[in-house]
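> got a predicted model here, sequence first, then my questions.
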Amino acid sequence: MNKFERQSSSADTQTLPDDIAEELSRLPSEVLSVDDAPSLAPPAPLSQDEVRTIVISLMLTMFLAALDQTIVATALPTIGRQFHDVSNLSWVITAYLLASTAVAPVFGTLSDIYGRRVMIIISLSLFVAGSVLCAIAPNLPMLILARGLQGLGGGGIMPVVQTVISDVVSPRERGQYQAYFSSVWMVGGILGPVIGGVFAEHLHWSMIFWINVPLAAAAIALLLPRMKKIPVFHRKRKVDWIGGVLLMASAVVFMLVLTWGGTRFPWLSPTVLAMVGGAVALAVTFVWHARRSEEPFLPLPLLGGSVVPFGLTAGGCALGAITGLTVQLPLYYEAVYHLSASEAGLALIPLAAVSTCGAAIAGRTMARAKHYKRVAIVGTSWAALCGLGLTLTTLPLWALLTLMAAFALGLGTTFPVCVVSVQNSVARPQVGTITGALNFFRSLMSSFTVAAFAAILLIALGADVPLAGEHHGAVNAIPADDMRHAFRYVFGAATALMAGAALCLIMMEERPLAGPSTTQPVEMAE
């Protein structure tokens, strides 16, 4: 089979429409063959109503994954009492996180090979099957295994949904939709603990899993009838399963290091050091295999260039900062301001909610401005300044929450700019792969930041500090002044992350976004 060569790309694509020729010219020679060109034929355009319906169904699908990240936490004590096992409860959450992080690049790549429709069905089916098995689990080990299965589906939802959006919406308009999905994560993060607590206290803890079944059915009923109208950009090819397994194995071992290090095992213990060595060995083997494979699972050149590495790093820094603060701030609120556990949870709302406002501002700016990344540069720089203020000053609670909201506003501008820029930098048949890689690296960065912030607290306090989710009742033993001093290092670390994100965005190439030069705001159905 003859391959497209860069030197002859213009001659080979003269009979194709301009936008398709542009897509082909951006592909490396080893990615697309002549026989694949007809699959890029332009489909009939979707109407605004069809796009709106697809987006609503995708938001409902995304809500499933967002809700399940947090809904289980408040029900854990009830689950532990029923199964008479408290020591292994953390695995109910860890199993989901391990599975969802490991499979994100897998689903992204497979959506480029087998199509979005197939992969969204598989991810939702795995998620629902895992939810049902969780609800009927007779003991804790079975519940943990079922949560792992549920995580396989939940980890596929995020990259596939973002890839479908890239198929139906032009890059210039896409930032607005990314802001809508950011709001879904915010709502899921806020409602999850509340719903989980209500179900566990007044109904039964299994309801936190049964609720996924009607929600998933509604999402499928809305989405699948319209999936046939979505443009097709995937390309059938051989799947590099060896590369995929190596990548997942490396991610799982690395996540276990971040989960167990400093808690179950000391950081410098032989067990943790052996696991670090194993994760590095698996990663090196994956790179060695990818360099020698004709069609690697994750093409390494895709991660290079003047856009992708900077977009991945900036997005990872921003998500890591907000995740690390979300996990550790309740400890600060309870020790310094003497809030109850529920009040500390409410005090997290400015951080989560206002970041969505920042994403919305960036998304609408991208639809109008030529230099769209400037809003994220200003936003991350502003967040770094706010973080510096948190680091250097001691504030009353109302002022702290105000400054935290300002920090979140700037941080939120990063997400739509990074996602759209990274997707816009690759050819259409590779959007799923790069979107999966984006979510994979962001999840790893979040886990790393949570572990790093916890280690910073341990070092700064010079004592054993109960970690998030385990500190209730022990916070009063920590002097407020000591906690205030220790958290200055945590705020300093968050400031450094946002400064790093700003630097990456400055260095990232700003490529033109396809789409109308002037775009009206996209209004969702009321």
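Perfect, I can see it now.
> could you give me the buried positions within stretch 124-135?
Residues of stretch 124-135 classed as buried by neighbour count (16 or more other Cβ atoms under 10 Å): 124, 126-128, 130-135. No exception for glycine: its C-beta is placed from N, CA and C like everyone else's.
> and which of those residues is nearest residue 85?
Lowest distance from residue 85 to these (Cβ to Cβ) belongs to residue 134, with 15.4 Å.
> right, and the helix or strand after the helix or strand where that closest one lies?
Here residue 134 sits within helix 116-135, counting by DSSP states H and E. Downstream of helix 116-135, the first helix or strand assigned by DSSP H and E is helix 140-168.
> quick one: mean pLDDT over that next one.
The average pLDDT within helix 140-168 is 85.
> next, the angle helix 116-135 makes with that helix.
Here helix 140-168 runs at an angle of 160 degrees relative to helix 116-135 (axes from the mean of the first three to the mean of the last three Cα atoms, to 10 degrees).
> buried residues in helix 140-168, which are they?
Taking 16+ other Cβ under 10 Å as the criterion, helix 140-168 shows 140, 143-168 as buried.
> repeat for stretch 210-217
In terms of neighbour count (16+ other Cβ under 10 Å), stretch 210-217 has its buried residues at 210-212, 215-216.
> and stretch 80-100, by the same measure?
Buried residues in stretch 80-100 (16+ other Cβ under 10 Å): 80, 83, 89-100.
> straight-line length of that stretch, end to end?
Taking Cα to Cα, to the nearest Å as the measure, stretch 80-100 stretches 23 Å from start to finish.
> over to stretch 364-383?
19 Å.
> go through that stretch and flag the buried ones.
Result for stretch 364-383 [16+ other Cβ under 10 Å]: buried residues 364-367, 372-383.
> where does pLDDT dip in this structure?
1-47, 74, 86-87, 229, 231-237, 341-342, 463-477, 514-526 (pLDDT under 70).
> find the centremost residue of it, please.
For the chain, the residue nearest the mean C-alpha position is residue 439 (4.6 Å; Cα atoms, centre = their mean).
> so it is in which element?
helix 431-461.
> check which helices and strands that helix sits against.
Judged by 3 or more Cβ pairs under 8 Å, 6 or more residues apart in numbering; DSSP states H and E, helix 431-461 is in contact with helix 90-114, helix 140-168, helix 241-260, helix 308-336, helix 414-424, helix 480-507.
> okay, those helices in CSV with distance to residue 350 next?
CSV is the format used below for the helices and strands packed on helix 431-461 (distance: least, Cβ to Cβ, whole Å):
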stretch, distance to residue 350
helix 90-114, 24
helix 140-168, 24
helix 241-260, 27
helix 308-336, 10
helix 414-424, 17
helix 480-507, 15
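> nearest to residue 54, of those helices?
Ranking the helices and strands packed on helix 431-461 by proximity to residue 54 (Cβ to Cβ) places helix 140-168 first, at 6.0 Å.
> quick check: angle from that closest one to helix 90-114?
30 degrees.
> residues of the helix or strand that comes right after helix 140-168 that come out buried?
Sequence-wise, the next helix or strand downstream of helix 140-168 (DSSP H and E) is helix 171-202. Neighbour-count burial for helix 171-202 flags 171-190, 192-193, 195-197, 199-200 (criterion: 16+ other Cβ under 10 Å).
> count the neighbours of residue 395 for me.
Applying other Cβ atoms under 10 Å, we find 13 residues neighbouring residue 395.
> thought it was touching residue 403?
Yes - applying Cβ atoms under 8 Å, one finds residue 395 in contact with residue 403, separated by 6.6 Å.
> so for those two, which residues contact both of them?
Counting by Cβ atoms under 8 Å, 6 or more residues apart in numbering, no residue touches both residue 395 and residue 403.
> just give me how far stretch 68-75 sits from the chain centre.
17 Å (Cα atoms, centre = their mean, to the nearest Å).
> quick one: contacts of that stretch?
92-93, 96, 127, 147, 150, 154, 188-189, 191-197, 199-200, 205, 208, 212, 469.
> can you give me the end-to-end span of that stretch?
Stretch 68-75: ends 12 Å apart by Cα to Cα.
> repeat that for stretch 163-177.
Length of stretch 163-177, first residue to last, Cα to Cα: 12 Å.
> most packed of the helices and strands packed on helix 431-461?
Neighbour counts (mean count of other Cβ atoms under 10 Å) averaged over each of the helices and strands packed on helix 431-461 peak at helix 414-424, with a mean of 28.
> still on that earlier bit, contacting residues for the residue nearest to the centre of the chain?
The contact partners of residue 439, by Cβ under 8 Å, 6+ apart, come to 104-105, 108, 158-159, 162.
> how about it: what's its closest non-neighbour residue?
In space, and not counting its chain neighbours, residue 439 is closest to residue 104: 4.2 Å by Cβ to Cβ, 6 or more residues apart in numbering.
> before we move on, what about residue 148?
Using Cβ to Cβ, 6+ apart, the nearest residue to residue 148 is residue 95, at 4.2 Å.
> give the contact list for the one you found.
So residue 95 contacts 144-145, 147-148, 151 (Cβ under 8 Å, 6+ apart).
> what angle separates the helix or strand in which residue 391 is found from helix 480-507?
Using DSSP H and E, residue 391 maps to helix 374-392. With the same axes, to 10 degrees defining the directions, helix 374-392 sits at 160 degrees from helix 480-507.
> which elements pack onto helix 374-392?
When contacts are defined as 3+ Cβ pairs under 8 Å, 6+ apart, helix 374-392 sits against helix 308-336, helix 349-366, helix 397-412, helix 414-424, helix 480-507.
> turn these into CSV, including distance to residue 430.
What follows is the helices and strands packed on helix 374-392, written out as CSV (distance: least, Cβ to Cβ, whole Å):
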stretch, distance to residue 430
helix 308-336, 10
helix 349-366, 21
helix 397-412, 27
helix 414-424, 9
helix 480-507, 21
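> of all those, which lies closest to residue 288?
helix 308-336 (20.1 Å).
> so how far is residue 346 from residue 340?
9 Å (Cβ to Cβ, to the nearest Å).
> hmm, back to that, nearest to residue 412 among the buried residues of stretch 364-383?
Within these, the smallest distance to residue 412 is 7.2 Å, found for residue 379 (Cβ to Cβ).
> does that closest one touch residue 418 like I think?
No - using Cβ under 8 Å as the test, residue 379 is too far from residue 418 to be in contact (11.4 Å).
> number of nearby residues for the residue nearest to residue 415 when sequence neighbours are not counted?
Nearest non-adjacent residue to residue 415, counting by Cβ to Cβ, 6+ apart: residue 359, 5.1 Å away. A count of nearby residues for residue 359, using other Cβ under 10 Å, gives 31.
> quick check, residue 230 in contact with residue 54.
Yes - using Cβ under 8 Å, residue 230 is in contact with residue 54, at 7.2 Å.
> so which of those two has more stuff around it?
The neighbour comparison of residue 230 against residue 54 (other Cβ under 10 Å) goes to residue 54, with 22 against 19.
> good, we can wrap up now.
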